[in-house]
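> Just need the structure, nothing else, for what follows:
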Amino acid sequence: MAEQKKIAFLVAAEGIEQVELTDPWQHVEKAGAVPRLLAPKLGQVQAFEHLTPADTFDVDVPFAHADPADYDGVVIPGGVANSDFLRMDRDAVAFVKAHVAAGKPVAAICHGPWLLVEADVVRGKTLTSFPSLATDIRNAGAQWVDEEVSVSTEGGWTLVTSRKPDDLPAFNREALKAFEL
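Residues are numbered from 1 along each chain as shown. Here you go, the predicted model:
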């Protein structure tokens, strides 16, 4: 029997848009893979429904102890605060750089691509995001498009991106394909 694939969900300690974490997580589990929550430190992270605190979630692995080689794919949920904190975490940035350098797929939604911009891995890619990131993405050398989902295979790795929670059905479908689930 083949070993189950592991998918890393990268989040900050707070500000995660809850549905952008829980919906892809459930789809990954339903497809037979093992989702793992990675964050700056062990303990719990605080998700939000827009600006209202929602549920907390237990962290599986802190970024500093996470080995990108252990994961078959990465999901980066959005949330403005989550994404802003995440892009300032050196260990999260290093994790993404190593994951991409290994040619492994990444799926990022809403403000999640900020981490990819910070990691300098979007140059030459086509992606979407929450519209407020368009200029940052263009300045990082990528093409921004206003579509419910964008799949970019340039550069030897697959990037799946979406704009907002309404795009989750398309995001989940394409992320699972990219993860070969």
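> right, and residue 18 touches residue 49 too?
Yes - between residue 18 and residue 49 there is a contact under CB atoms under 8 Å: 5.6 Å. Placement of C-beta: from N, CA and C, glycine included.
> between those two, who's got more neighbours?
Neighbours were counted for residue 18 and for residue 49 using other CB atoms under 10 Å; residue 18 has more, 20 against 13.
> Take stretch 57-66, keep the C-alpha atoms, and write them as CSV.
Extracted in CSV, the C-alpha atoms of stretch 57-66 (Å, rounded to 0.1, in the frame of the first residue of the first chain):
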residue,chain,number,x,y,z
PHE,A,57,-7.1,25.0,15.7
ASP,A,58,-4.2,22.9,17.1
VAL,A,59,-0.8,23.3,15.4
ASP,A,60,0.8,20.0,14.3
VAL,A,61,4.4,21.3,13.5
PRO,A,62,6.1,24.6,14.1
PHE,A,63,7.8,26.0,10.9
ALA,A,64,11.2,25.8,12.4
HIS,A,65,10.9,22.0,12.8
ALA,A,66,9.0,21.3,9.5
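> Residue 26: neighbour count?
Every residue meeting other CB under 10 Å relative to residue 26 is counted, giving 12.
> Now do stretch 168-181, average pLDDT.
For stretch 168-181, mean pLDDT rounds to 98.
> got the buried residues for that stretch?
Within stretch 168-181, the residues that count as buried by 16 or more other CB atoms under 10 Å are 168, 170-172, 174-176, 178-179, 181.
> closest to residue 103 among those?
Closest approach between the buried residues of stretch 168-181 and residue 103, by CB to CB: residue 178, at 11.8 Å.
> In the protein, where is pLDDT below threshold?
Where the chain drops to pLDDT under 70, the residues are 1-2.
> any idea how far residue 34 lies from residue 45?
18 Å (CB to CB, to the nearest Å).
> more crowded one of the two?
A count of neighbours by other CB under 10 Å puts residue 45 above the other of residue 34 and residue 45, at 23 against 14.
> Now do stretch 64-76: distance to the chain's middle.
11 Å (CA atoms, centre = their mean, to the nearest Å).
> How about stretch 32-40?
The answer for stretch 32-40 is 11 Å, by CA atoms, centre = their mean.
> Residues touching that stretch, excluding its own?
Identification of contacts with stretch 32-40 by CB atoms under 8 Å, 6 or more residues apart in numbering yields 4-13, 25, 28-29, 45, 57-63, 66, 71-73, 75, 85, 89, 91-92, 95, 179, 181.
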